[in-house]
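Peer 1: Sequence and predicted structure, then a few things I'm wondering about:
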Amino acid sequence: MKAIVLDELGEPEKLKLEEWPDPTPGPGEVLIRLKAAALNHRDVWIRTGRYAGIKLPIILGSDGAGEVVDVGPSVDSELLGRPVVIYPAMNWGSDDRVPGADFKILGLPDNGTYAQLLTVPASQVFQKPPSLSYEEAAALPLALLTAYRTVVTRAQVRAGETCLITGIGGGVSSFVLQIARAIGARVLVTSGSDVKLDHARQIGAAGGANYRTQDWGKEILVLCENRGLQAVIDSAGGETFEKALELVSPGGRVVTYGATTGPAKQIEIRRIFWKQLNVLGTTRGTAQEFEAALKFYDEKQLRPVIDQVFPLSEAAAAHRRMEEGGQFGKIVLKIE
């Protein structure tokens, strides 16, 4: 099979299209002929050496969709020919609250989805939503899973509430916006790009603030229209997280799933206890949440926001697109 292999760390051009041995499904496994894969920032961090437990060579990729073309011993043959999307958070464990000691994510330490073929446990595959193309389905796994757990399980966003998403534009944040809007919440966003703010309005945001050109905290409070801000969903960390604790209304929730701008160094603890805030962390999610997210997405007739589709052979260009930070939504690799 052909696969994008990372043999050494460095710039995007270190991702090479190579011949790789075809995998064979073992007991309890299925073989998938992948039709599409999608990028996550995790892939960039691995390629540039900013991730724990890196081993080389490795085939990156946590997100993928395709067709089951073979099954291993003890696997139901009815899965053959089924279009599937892959649940990428492996070995979550028995406690829904936190992953167990054996938890891992597809694409490191195990080879991932930047390839024509892949074996995974049969328990890791779910029916592809029939309304979505393979490219759209491949955009779902890691980002949709994180977004669903963030909005539904942790933040428990409800219809009629006003919530803020910081740093709109990435894959997870676009799913967060879609899910919160589908629930019936009023959603505000921030970005350093007016173009991204316009994109966000087009997919349902009620308004937004540019943190590069505006006093975004004051602007968000104006946009709240005296309704208060019941939830803030943050992936930036740093001063943005500190500001979130200031902006959210008493009794509100602040949920973080990332810290792209680094640590928050001056947390005002008094804001948390005086305002009776719930400050929550989350990432990834259980197989049950993934199944629920796919069902929710299908029932609400939602479609992922795709920034750009590259052929598998142009994985380096796709990585460069992500590093430049201009994307809105998911970057996808089409696999022939």
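Peer 2: Yep, it's here.
Peer 1: Show me the residue sitting in the middle of this structure in space.
Peer 2: Nearest to the geometric centre of the chain sits residue 143, at 1.5 Å (CA atoms, centre = their mean).
Peer 1: Can you give me every residue that contacts that one?
Peer 2: For residue 143, the contact set (CB atoms under 8 Å, 6 or more residues apart in numbering) comprises 38, 40, 63, 170-172, 174-175, 330. Every C-beta, even on glycine, is put in place using the N, C-alpha and C of the backbone.
Peer 1: Try it again at 10 Å.
Peer 2: Residue 143 sits next to 38-41, 62-63, 170-176, 304-305, 329-330 when contact means CB atoms under 10 Å, 6 or more residues apart in numbering.
Peer 1: Which ones among these lie within helices?
Peer 2: Counting by DSSP state H, these place 41, 171-176 in helices.
Peer 1: quick one on the thing from earlier: quick check, the residue nearest to the centre of the chain in a helix?
Peer 2: Yes: the assignment for residue 143 is a helix, going by DSSP: H, G, I helix; E, B strand; the rest coil.
Peer 1: quick one: pLDDT of it?
Peer 2: Here, the pLDDT recorded for residue 143 equals 96.
Peer 1: Could you find the closest non-adjacent residue to it?
Peer 2: Take residue 143 and drop its neighbours on the chain: the residue closest to it by CB to CB, 6 or more residues apart in numbering is residue 171, 3.7 Å away.
Peer 1: so the one you found sits right up against residue 178, yeah?
Peer 2: No: the criterion here is CB atoms under 10 Å, and residue 171 misses it with residue 178 at 11.1 Å.
Peer 1: just how off-centre is the one helix or strand residue 119 maps to within its chain?
Peer 2: Element membership for residue 119 (DSSP states H and E) is strand 117-121. Here strand 117-121 is found 20 Å from its chain centre; the criterion is CA atoms, centre = their mean, to the nearest Å.
Peer 1: taking the mean pLDDT, what do you get for that strand?
Peer 2: Here the average pLDDT along strand 117-121 is 98.
Peer 1: other SSEs contacting the next helix or strand after that strand?
Peer 2: Moving toward the C-terminus from strand 117-121, the next helix or strand (DSSP H and E) is strand 125-127. Judged by 3 or more CB pairs under 10 Å, 6 or more residues apart in numbering; DSSP states H and E, the packing partners of strand 125-127 are strand 29-38, strand 63-71, strand 83-86, helix 287-299.
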